[in-house]
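Novice: Need coordinates for the following:
(3 chains)
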Amino acid sequence: MLIHIEDVFVAYGSPPRAVLAGINLEIEEGEFVCVLGQTGCGKSTLLRLILGSEHPMRGRILVDGREHHQPDRTRGYVPQKYSLFPDKTVLDNITFGCEVSEFGLFARLTPAFYRRRKQLRAEAFDYLQRIGLRSCDAKKYPDQLSGGMQQRVAIAQALMTKPRILLMDEAFSALDPGTRRGMQQLVRDLWKATGTTILFVTHNTDEALRLGTRVIVLAKESVDQGSRIAMDLSVPAPCGDEEIPSLVRRLELVSESCAL
Amino acid sequence: MLWRFSTLLLLAASAFAQKPSFTVGWSVYAGWTPYHYMNKSGILRKWADKYGITIKVQRFDYAPSLDAFVARNIDACTMTNMEALDMPAASGVPTTAILIGDYSNGNDALLVRNGLQLKDLPGKKMLLVEKTVSEYLFDRAMTLGGLREQIKRVRMINTSDSDIATAFIGDANASAVVTWKPMVSQIAKQKGVTSLFNSSQIPGEILDLTVVRTDVLSRPDGAGQKFAKALAGAWFETLAQMSTPGAAGDKVLAAIAEGSQDSLASYKEQLGTTKMFYTPKEAAGFGASPELKQKMALVRQFCFDHGLLGANTKSVDDVAIRYPDGSIQGKPDRVRLVYDLGYMQLAAQGKL
Amino acid sequence: MSVGFLLIHARPQRAWSAILSWFLFAAGLAAYLWVAQARHRENPEDRVTPTLAQMATGMYNAVMQPAEEDEAAPPAANFYDRLSHSMLWRDTRATSRRFLLSLALLIPAVLLGLHMGLFPYVGVFFLRFVLFFDKIVALSLLPILFIAFGIDELSKIMLIVIGVTPTIILDSFNLTRGVPPEQIVKAFTLGAGDFDVAYRVVLKQVAPRVLNSIRLNLKAVMLFLFAGEMIASTDGLAYRIALLRRHMGMDVIIPYVLWVALLLFLVDFAMRTVNRKLHPWFHEA
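Specialist: You can find the predicted model right below:
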């Protein structure tokens, strides 16, 4: 069991308003889980709980059998925006994780660092090709790339450090539909190739069905109650184009009926 | 038409009725604070009315008062003989000294820590407002002590007079300070501080004057003359009240002290080191003595040596001084500062 | 001209832009010369508004003559020797030293702001105090500064520190706070530690903005430095101006003021260039 979530409760504000209540969830190694729900239902909160940047008020979250109190290398992260460091080139963004975790501030001054960096750069170029960028893009800064390209680099950056879990928070929501389709294909391919467990938060039902092996719908039963898991759907094989419209309708019905 | 003509007449009449108006500026110093009382008590107004003019009195900080005088914004101003020479006179504003109020007789002093002597000062740190009478006093102290050559070796630190007391008290590395009262009294109270030299050792060299622009005195309508006479009359009447012995005099002194937010005791202490010329006879007598010329010669040489007469002044004689006996120090065609005893003499004769 | 020249959509031609942008300079100069000439006609020895020739002489003396405090250079000295003994050179050197020292002292201020923005305990410890200190009018504390730090360099530099650093601290604090939280989380998930996040992610990102904020505060630094030099000093540009003011040496003061403006402009320009070279990715919004 890679992720174990047990009776988690989260509330914000004062007086506190429940966001998540009584969440129980188990995620196996190698799953591709899409978390679906309407805006404000707490799906990003759930992601941040697993990330360790937020903590539940009740209940506990175990990743690989341990509680984590802050984000670390075991869980990679691709947010919707600001995922790349604007001051670093594409290449440096991709190698940053390995450089920073293997070499401290002063170890960077040793020759070993430069030898290792050479290896890392070769590896990064490899990734660059896999995500569909040209090698001349390596020297560019993030703001010289389109939004889709930026997110591709962000995924490569996160995968470089080989995390056990990749957490993606509305990673494609800011992209136009055409680009989005390509990105979905890329993530699906990378997931197959690396076997990384992925938790993908989205509000787009179509996207969830195309990507995940499992779709979880979060929804509130009433306004002042926290969201619960309203549906846990297993998707053994990727849905074909003809099944999707009817499935989307079904899922959205669940999501809306609960949200009043 | 008739109506318009009559307004014109009215305007002309009111212009005639407008009395000539003059402004005198003063700054806080024991010898000049009487101006505050002179104005407040109505003495000045009485004399102005007598001569049919209006006199306004304005208080300044010292440096701005000089600037205002040079810029011709005021007609008369209080200043020392040194500044009269290096500010208005050297800036091409011919100036006439009409009143000799007093000379510093201990108001300015050189104070040291740890019982140092003059010969110990080279290499030491000294606080003072450079290019003022403070530096002049130090120059004279060293010269009289036979240490003229050593002056350059003293590390002078130009320090604003408003901060000099705290700066010296706070900095144990500063060995010496040259300044004037009331700062001197404040610093002298500190432990281990002694006075090494003060202006009573160079009597009559630091004079406190009331000066008027020469072009005001020579106004064609003669109002400038009236202004000078009224000032002289009011001045000596004030000084006479000040020097009345007993309670009546104290009351006047207290009112004067109030002009600088000072106490009677403190003001009296300052007067103790100020040689006031209480009577016009004394004042005019000092002005007529050959001493004045000797002292001014020292002052003007100091000013020239320190570039205070302006970078473009090539010779000390370019800013000439004329004395009451008609003798001139410097080039006769470049007289910029005039000592005029006429008004003090009129006062002495009771002819004002 | 189809669009009126005072409208937002007006498009000034190149030549016109050049003429208009220099017009106020020319007008200012002309007005000065006119006043100076008028005053000199009335009083040939006027010192309040020196003519250009007088200023040139004053400046020539400032550049070529040894400063009064300095030992006179040997008469046969060459140009560079004379320059190194000159008033202007001595003053510029003294002021620049203090100025650069104060700028160097802003570096710890930036780092403090960074740590306050990132580490909650550092933040709560300092923030309230710095906010309070930022509102203190440093000049009014001078007597205390004199007593605490003496009247030498230290008190002048402390004046700048007290006057300018709170602003810089708060600025870098706010800039640090402005870094999107995603960036910090991302860095942690990539394996960065606290100090990697502080120095290799956040500091590098805010650096260009911090440099800009320091550029905006250059004038404040100079202002405090001048105040300090005018109050107690033995050398420096403001010392000379304070001294010359006492006998209206405007023929030197005006060129000095222009020289200071030029120096400040050059420092600002250099910082802008360095900023652009060091941070090619940064575009001012």
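Novice: Walking through the chain, point out its strands one by one.
Specialist: Here I'm looking at chain A. Along chain A, counting by DSSP state E, strands occupy A:3-12, A:17-27, A:32-36, A:58-63, A:75-78, A:165-169, A:197-202, A:214-220, A:227-234.
Novice: meant chain C, my bad for not saying
Specialist: Taking DSSP E, the strands of chain C run over residues C:232-233.
Novice: For chain A, give me its nearest residue in it.
Specialist: Among all residues of chain C, C:Gly191 sits closest to chain A, at 2.8 Å; criterion: Cβ to the nearest Cβ. All C-beta atoms are positioned from the backbone trio N, CA, C, and that covers glycine.
Novice: How much space separates the residue of the stretch 51-200 of chain A found nearest chain C from B:Ala165?
Specialist: Closest contact between the stretch 51-200 of chain A and chain C, by Cβ to the nearest Cβ, is at A:Ser101 (2.8 Å). According to Cβ to Cβ, to the nearest Å, A:Ser101 and B:Ala165 sit 61 Å apart.
Novice: For chain B, find the nearest of the strands of chain A.
Specialist: Closest approach to chain B among the strands of chain A (Cβ to the nearest Cβ): strand A:3-12, 55.0 Å.
Novice: From the contact counts, what lies against the closest one?
Specialist: Under the contact definition 3 or more Cβ pairs under 8 Å, 6 or more residues apart in numbering or on different chains; DSSP states H and E, strand A:3-12 sits against strand A:17-27, helix A:43-51, strand A:58-63.
Novice: Strand A:165-169 and the first one, what's the angle between them?
Specialist: Computed with axes from the mean of the first three to the mean of the last three Cα atoms, to 10 degrees, the direction of strand A:17-27 lies at 150 degrees from that of strand A:165-169.
Novice: how about strand A:17-27: buried residues?
Specialist: If you call a residue buried by 16 or more other Cβ atoms under 10 Å in any protein chain shown, then strand A:17-27 has these buried ones: A:Ala18, A:Val19, A:Leu20, A:Ala21, A:Ile23, A:Leu25, A:Ile27.
Novice: Put together CSV for the residues you listed, with distance to chain B on each row.
Specialist: Shown next, in CSV, are those (distance: Cβ to the nearest Cβ, whole Å):
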residue, distance to chain B
A:Ala18, 63
A:Val19, 60
A:Leu20, 63
A:Ala21, 66
A:Ile23, 66
A:Leu25, 69
A:Ile27, 70
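Novice: quick one, longest strand in chain B?
Specialist: Counting residues, the longest strand found in chain B (DSSP E) is strand B:95-104.
Novice: quick one: the helices in the chain?
Specialist: Here I'm looking at chain A. Taking DSSP state H as the test, the helices found in chain A are A:43-51, A:90-102, A:111-130, A:147-160, A:177-194, A:205-211, A:244-259.
Novice: my bad, the chain I had in mind was chain C
Specialist: Ranges of helices in chain C, per DSSP H, are C:14-42, C:52-64, C:79-85, C:87-118, C:120-134, C:142-149, C:153-177, C:181-189, C:194-196, C:203-231, C:237-246, C:250-278.
Novice: residues contacting B:Lys46?
Specialist: Contacts for B:Lys46 (Cβ atoms under 8 Å, 6 or more residues apart in numbering or on different chains) come out as B:Ala234.
Novice: Quickly note the distance from it to B:Gly233.
Specialist: B:Lys46 sits 9 Å away from B:Gly233, going by Cβ to Cβ.
Novice: Could you take the helices of chain C and lay them out as CSV, with extra columns for mean neighbour count, distance to chain A and mean pLDDT?
Specialist: Formatted as CSV, the helices of chain C follow (neighbours: other Cβ atoms under 10 Å in any protein chain shown; distance: least, Cβ to the nearest Cβ, whole Å; pLDDT from 0 to 100):
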stretch, mean neighbour count, distance to chain A, mean pLDDT
helix C:14-42, 11, 30, 92
helix C:52-64, 17, 44, 85
helix C:79-85, 14, 40, 78
helix C:87-118, 19, 13, 93
helix C:120-134, 13, 13, 94
helix C:142-149, 18, 34, 78
helix C:153-177, 22, 13, 91
helix C:181-189, 22, 4, 94
helix C:194-196, 15, 5, 91
helix C:203-231, 20, 5, 92
helix C:237-246, 22, 37, 84
helix C:250-278, 15, 10, 92
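Novice: what's the closest of those to A:Thr202?
Specialist: Set against A:Thr202 and scored by Cβ to Cβ, those come closest in helix C:181-189, at 16.8 Å.
Novice: Show residues contacting that closest one.
Specialist: A:51, A:53, A:70-73, A:75-77, A:79, A:81-83, A:85, A:96, A:100, A:158, A:161, A:163, A:167, C:118, C:196-197, C:200-202, C:205.
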